[in-house]
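Novice: Okay, structure incoming, though there's no sequence with it:
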Ligand SMILES: Nc1nc2c(ncn2[C@@H]2O[C@H](COP(=O)(O)OP(=O)(O)O)[C@@H](O)[C@H]2O)c(=O)[nH]1
Ligand SMILES: [Mg+2]
């Protein structure tokens with residue numbers, strides 16, 4: 001179970017048992033229940049972090065840059081990845097891990113570019129965890145000096161808490177979502193190392209206040225790089241590809 005939202009995610013290395021005492025009638029005190037939930041959450045995240053550290057070591061040994069793309073559903077992660085791998089594949093080894101509850105549509109969109117993709121279906125799960133990524137890596141070749149792009153399940157809540165062994169979380173925030181999302185989902189905006197402001201080609205048709213959005217982003221995350229772009233027109237891609245190259249050098 002995902003202890004963040006309560007959905008039926010299969011946790012990585014979760015301890016199924018939770019210690020906690022019940023009183024004589026067999027009912028747990030409310031305080032005990034809270035302690036048990038916190039302990040379970042702690043165990044799940046600790047187990048996840050352990051696997052994530054292992055992935056990070058493996059990727060570092062191959063000088064592979066891993067990025068975890070997070071966003072709400074439909075903000076343009078797959079469109080962005082398709083355009084990105086098209087530009088990147090001639091220069092570096094690249095592969096994609098796709099996470100969705102159902103279907104392999106996104107992996108098929110990536111494979112159409114000639115780049116390898118593994119689809120993970122999480123079923124009722126609301127996020128990818130490190131164990132899923134670890135298992136998916138067994139289906140991909142080593143990407144020496146290359147890039148592993150992971151598209152997480154569309155969800156602005158739970159994926160914020162799960163380290164997948166990535167170098168950075170890249171948050172795709174499209175201008176059709178409204179300026180207020182950084183304040184409504186601060187954990188995700190805080191967790192991001194880079195924020196891609198997508199669908200900027202639509203700005204003339206929207207009442208999206210860019211200054212206000214930037215102000216809200218800076219309230220919750222003063223440090224993340226922010227790049228405005230459009231996966232449809234390719235505007236802004238030079239900056240995004242430049243950021244990727246810098247990260248590759250660092251990896
Ligand atoms: N106008 C416009 N539409 C976009 C852009 N990026 C994605 N879309 C559209 O947004 C919808 C969802 O895109 P998709 O890549 O599947 O989003 P995902 O669910 O985050 O992977 C699709 O209809 C895309 O064509 C963009 O930059 N501009
Ligand atoms: Mg997608």
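Specialist: Done, it's in. Please read these numbers as outputs of a predicted model, since none were measured by experiment. Numbering: from 1, shown residues only. Ligands and ions are numbered 1, 2, ... in the order given.

Novice: Could you count how many residues lie near residue 70?
Specialist: Using other Cβ atoms under 10 Å, residue 70 has 31 neighbouring residues. Using the backbone N, CA and C atoms, a C-beta is placed for each residue, glycine as well.

Novice: Check residue 5 too.
Specialist: For residue 5, using other Cβ under 10 Å, the count is 12.

Novice: ditto for residue 57
Specialist: A count of nearby residues for residue 57, using other Cβ under 10 Å, gives 10.

Novice: helix or strand for it, which one?
Specialist: Here residue 57, judged by DSSP states H and E, is contained in helix 30-61.

Novice: show me what contacts the residue of the stretch 51-200 of the chain found nearest ligand 2?
Specialist: The stretch 51-200 of the chain approaches ligand 2 most closely through residue 78 (3.4 Å), counting by Cβ to the ion. Residues counted as contacts of residue 78 (Cβ atoms under 8 Å, 6 or more residues apart in numbering) are 98, 106, 109-110, 151.

Novice: What parts of the stretch 101-250 of the chain come near ligand 2?
Specialist: For the stretch 101-250 of the chain, the residues in contact with ligand 2 (Cβ under 5 Å from the ion) are residue 106.

Novice: near ligand 1 at all, stretch 221-232?
Specialist: Yes: applying Cβ under 6 Å from any ligand atom, one finds stretch 221-232 touching ligand 1 at 230-232.

Novice: And stretch 152-167, by the same measure?
Specialist: Yes: applying Cβ under 6 Å from any ligand atom, one finds stretch 152-167 in contact with ligand 1 at residue 154.

Novice: So what's the gap between that stretch and the chain middle?
Specialist: Here the centre of mass of C-alpha atoms in stretch 152-167, compared against the chain's by Cα atoms, centre = their mean, to the nearest Å, lies 4 Å away.

Novice: which of the residues in that stretch are buried?
Specialist: Buried residues in stretch 152-167, counted by 16 or more other Cβ atoms under 10 Å: 152-156, 158-167.

Novice: Kindly report the same for stretch 123-141.
Specialist: Of the residues in stretch 123-141, those buried (16+ other Cβ under 10 Å) are 125-134, 136-137.

Novice: repeat for stretch 181-193
Specialist: If you call a residue buried by 16+ other Cβ under 10 Å, then stretch 181-193 has these buried ones: 181-182, 185-186, 188-193.

Novice: roughly how far is stretch 68-79 from the heart of the chain?
Specialist: Centre-to-centre, stretch 68-79 and its host chain are 9 Å apart (Cα atoms, centre = their mean).

Novice: Just the buried positions in that stretch, please.
Specialist: 68-72, 75-79.

Novice: tell me the phi and psi of the nearest residue to residue 53 once chain neighbours are set aside?
Specialist: Closest residue to residue 53 apart from its sequence neighbours, by Cβ to Cβ, 6 or more residues apart in numbering: residue 165 at 7.2 Å. With angles defined as degrees, to the nearest 10, residue 165 sits at phi 90, psi 10.

Novice: thinking again about what came up before, just the buried subset of the residues of stretch 221-232 next to ligand 1, please.
Specialist: 230-231.

Novice: Tell me which of the residues of stretch 221-232 next to ligand 1 fall in helices.
Specialist: Residues of these located in helices (DSSP state H): none.

Novice: Using JSON lines, lay out the residues of stretch 221-232 next to ligand 1 together with pLDDT.
Specialist: Putting the residues of stretch 221-232 next to ligand 1 into JSON lines (pLDDT from 0 to 100) gives the following:
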{"residue": "230", "pLDDT": "98"}
{"residue": "231", "pLDDT": "98"}
{"residue": "232", "pLDDT": "98"}
